[in-house]
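# no FASTA, just this:
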């Protein structure tokens, strides 16, 4: 039985060509149009099939560990001295981040379509690990494309993927980061679409990916909504999530879209928006076409995609999901940003006040959430998506905080 | 009334009993000044010149043309340079058709209205945007049409009958058939399968059909020319650039030789 809190209706769907307002669509090479159509049909067909969902929910419960808890962070709330802060604990899922919700869904779909091989792009490596995990479980061959620079700063995740039996292919083209890994995965798929399923890790790319990945993640917000009602008797006043491509944000925020809840997306401001070294496509970008969809992009005056910077590899992407761009323009979404140092500060605050070590990506949502909660009062509720755990970031944080922490001990 | 040089080109080739040679180079590769020499060299030996607009994320291209884009951007090539180079080719070779090829974000960033106007002013005949399929034509079709530019569309081995019809209705100038499922410069498979697809497309469209992606040798070009209206050669020409990166004169000479060899092979075999 599927718990009735999980609504299987597809709310706010795009138009037949995958447009959310003026965004989205299917800006893909002709060779991929057939496979994308086939994927769209398979997705809709599966979504109508009760058996598909029973299998999916079985895995989400017994393999992923859902439902994830909604945790009232009382000590943190007290320290902040404003609204009550609740954390949606996606960090407690199998593999340590929300990404697995989507790879379970797409993995099942790949299996159903009879594909023997899956490919993926990854930035921080969380989506790569989640894909490799699902590939191992279903017995599918798995190749993961990862920018050379990311393979170096996220070395433990590279090793995890290899342990899981995946082949990790470092990408040297372009800026050797997530966008280039996506380009390379697309090039692979163009040549291999007959036999291969491309598991995109975020709510971007050509239709049906933004819709499909959103649908596989809305479980986050649906659970949080029901849990918040059960624990507090009301809905949150504000719901907050970090945004790279936007998968955890769509997952948490979309189910609150028709509620009277303020939805906040937090982008990575890196060294500060004015420095030009950031990954804030919605806050500082403009509409353009990349990776199969029309959306907000960070680009120069000539339409060349710009390099991005964030302390967290998972937010280091020059685009954003098209539905987020549409929600922002339609006034359904508020925007905030957090710099590297603000995220790091929030990382330390949560670790010390609650004994929870968050991912650096999620730390951006925390930084914003703490700021917003401070200006509210205790009968109000701020819901923050703790999209992943910080284990993978130990190397980065070690290098940044070593002196400070060792100073504490002295 | 503006000349339809693309239609004239295919009519001329038909009269001469041969297929059209379509040659590709990325504008600004390896730098704008050398690119001008290379484009002029190629323009004098092909029927249709495809000028690539460099882009930071060329998703449909293999390593050879990706590197060309990177070299051009590193050398500072801009969209203004693309138009200027097209205009120079147009002045020097008024009978050679010019097609701009690239990815959506560059013209979208300029704005398709401005882009189309500037392209038409530079003497461009058609535009091929890899990542704008017929379904997404709303972003560009009106502007291209208004400025008298052909919208060249791609078809591939994965295109269904429905898609062939869709593209045939939306395309003008010619149809570019991608001979393989893969990126530019990959290995072309059996010519027999390519021939079969080309014949299938003819059932839906009376437009000339050019075949590209993966034509690297004069022998392949001759084989493909036998059943198509045009053969597109890209990576094979582009690859002359990094092979002679230290000597610009040798680079131009190598391109001249490669283009002449393709042209001669096609003439000989398909008459």
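Cool, the structure landed. Every value quoted in this text rests on a predicted model; they were computed, and no experiment measured them. Residues are numbered from 1 along each chain as shown, chains lettered A, B, ... in the order given.
# what's the next secondary structure element after the strand or helix carrying residue A:367?
Using DSSP states H and E, residue A:367 sits in helix A:360-374. Sequence order places strand A:381-386 as the next helix or strand after helix A:360-374, per DSSP H and E.
# run through who's touching that next one.
A:70, A:82-91, A:98, A:220, A:224, A:228, A:232, A:234-242, A:248-249, A:251-252, A:356, A:358, A:362, A:365-366, A:369, A:372-373, A:376 (C-beta atoms under 8 Å, 6 or more residues apart in numbering or on different chains). Every C-beta, even on glycine, is put in place using the N, C-alpha and C of the backbone.
# would you mind checking those for buried ones?
With neighbours counted using 16 or more other C-beta atoms under 10 Å in any protein chain shown, those contain these buried positions: A:70, A:82-91, A:98, A:220, A:224, A:228, A:235-242, A:248-249, A:251-252, A:356, A:358, A:362, A:365-366, A:369, A:372-373, A:376.
# related to what we said a few turns ago, and the helix holding residue A:367, what does it pack onto?
Under the contact criterion of 3 or more C-beta pairs under 8 Å, 6 or more residues apart in numbering or on different chains; DSSP states H and E, helix A:360-374 touches helix A:74-80, strand A:84-89, strand A:238-243, strand A:262-270, strand A:334-339, helix A:340-354, strand A:381-386.
# what angle sits between the second one and strand A:238-243?
So that's strand A:84-89. 40 degrees (axes from the mean of the first three to the mean of the last three C-alpha atoms, to 10 degrees).
# for the chain, what's the longest helix?
Let's take chain A. As assigned by DSSP state H, the longest helix anywhere in chain A is helix A:30-47.
# meant chain B, my bad for not saying
helix B:248-270.
# give me the distance between residue A:403 and residue A:270.
Separation of residue A:403 from residue A:270 (C-beta to C-beta, to the nearest Å): 22 Å.
# between the two, point out the one with more neighbours.
Of the pair residue A:403 and residue A:270, residue A:270 is the one with more neighbours under other C-beta atoms under 10 Å in any protein chain shown, namely 25 against 9.
# number of nearby residues for the closest residue to residue A:351 other than its chain neighbours?
Closest residue in space to residue A:351, ignoring its immediate chain neighbours: residue A:357 at 5.1 Å, by C-beta to C-beta, 6 or more residues apart in numbering or on different chains. Residue A:357: 17 surrounding residues under other C-beta under 10 Å.
# tell me who's in contact with residue A:357.
A:347, A:350-351, A:389-391.
# moving C-terminal of the helix or strand harbouring residue B:231, what's the next helix or strand?
Assigning secondary structure by DSSP H and E places residue B:231 in strand B:230-233. Toward the C-terminus, strand B:230-233 is succeeded by helix B:235-238 as the next helix or strand (DSSP H and E).
# and for that next one, what's in contact with it?
B:23-26, B:29, B:42, B:62, B:64-65, B:68, B:184-185, B:215-217, B:255, B:258-259, B:262.
# same question, stretch A:206-216
Under C-beta under 8 Å, 6+ apart, the answer for stretch A:206-216 is A:10, A:13-14, A:17-20, A:24-28, A:32, A:36, A:39-40, A:43, A:47, A:101-102, A:104-106, A:200-204, A:247, A:250-251, A:254, A:291-293, A:321-323.
# please check the residues you listed and keep the buried ones.
Applying 16+ other C-beta under 10 Å to these flags A:14, A:18-20, A:24-28, A:32, A:36, A:39-40, A:43, A:47, A:101-102, A:104-106, A:200-204, A:247, A:250-251, A:254, A:291-293, A:321-323 as buried.
# okay, now the residue of the stretch 1-150 of chain B found nearest chain A: neighbour count?
Of all residues in the stretch 1-150 of chain B, residue B:109 sits closest to chain A, at 2.8 Å by C-beta to the nearest C-beta. As a burial measure, residue B:109 scores 21 neighbours (other C-beta under 10 Å).
# same question for residue A:45.
Residue A:45: 13 neighbours (other C-beta under 10 Å).
# what sits against it?
Here residue A:45 is in contact with no residue (C-beta under 8 Å, 6+ apart).
# tell me the pLDDT at it?
Confidence at residue A:45, expressed as pLDDT, is 98.
# how about the strands in chain A?
With DSSP state E as the criterion, chain A has strands at A:19-20, A:23-24, A:70-72, A:84-89, A:117-122, A:141-147, A:167-171, A:196-198, A:238-243, A:262-270, A:286-290, A:293-297, A:334-339, A:381-386.
# just the ones you listed: most buried one?
Burial of those is given as mean neighbour count (mean count of other C-beta atoms under 10 Å in any protein chain shown); strand A:238-243 ranks first at a mean of 31.
# now that strand: mean pLDDT?
98.
# packing partners for that strand?
helix A:247-253, strand A:262-270, helix A:360-374, strand A:381-386.
# tell me how far the closest residue to chain B within chain A lies from residue B:211.
Closest residue of chain A to chain B, C-beta to the nearest C-beta: residue A:303 (2.8 Å). Distance of residue A:303 to residue B:211, given as C-beta to C-beta: 29 Å.
# who has more neighbours out of those two?
Between residue A:303 and residue B:211, residue B:211 has the larger neighbour count (other C-beta under 10 Å), namely 30 against 25.
# so how far is chain A from that one?
Distance from residue B:211 to chain A, counting by C-beta to the nearest C-beta, to the nearest Å: 14 Å.
# sec struct for that residue, please.
Classification of residue B:211 by DSSP: H, G, I helix; E, B strand; the rest coil places it in strand.
# return the residues in contact with residue 218.
Unless you meant another one, I'm taking chain A. So residue A:218 contacts A:7, A:250-251, A:254-255 (C-beta under 8 Å, 6+ apart).
# try chain B instead
B:261-262, B:264-266.
# the residue nearest in space to the middle of chain B sits in which helix or strand?
For chain B, the residue nearest the mean C-alpha position is residue B:50 (3.5 Å; C-alpha atoms, centre = their mean). Assigned by DSSP H and E, residue B:50 falls within strand B:48-52.
# what residues sit buried inside the helix or strand just after that strand?
The helix or strand immediately downstream of strand B:48-52 is helix B:63-74, counting by DSSP H and E. For helix B:63-74, the neighbour count (16+ other C-beta under 10 Å) marks B:64-73 as buried.
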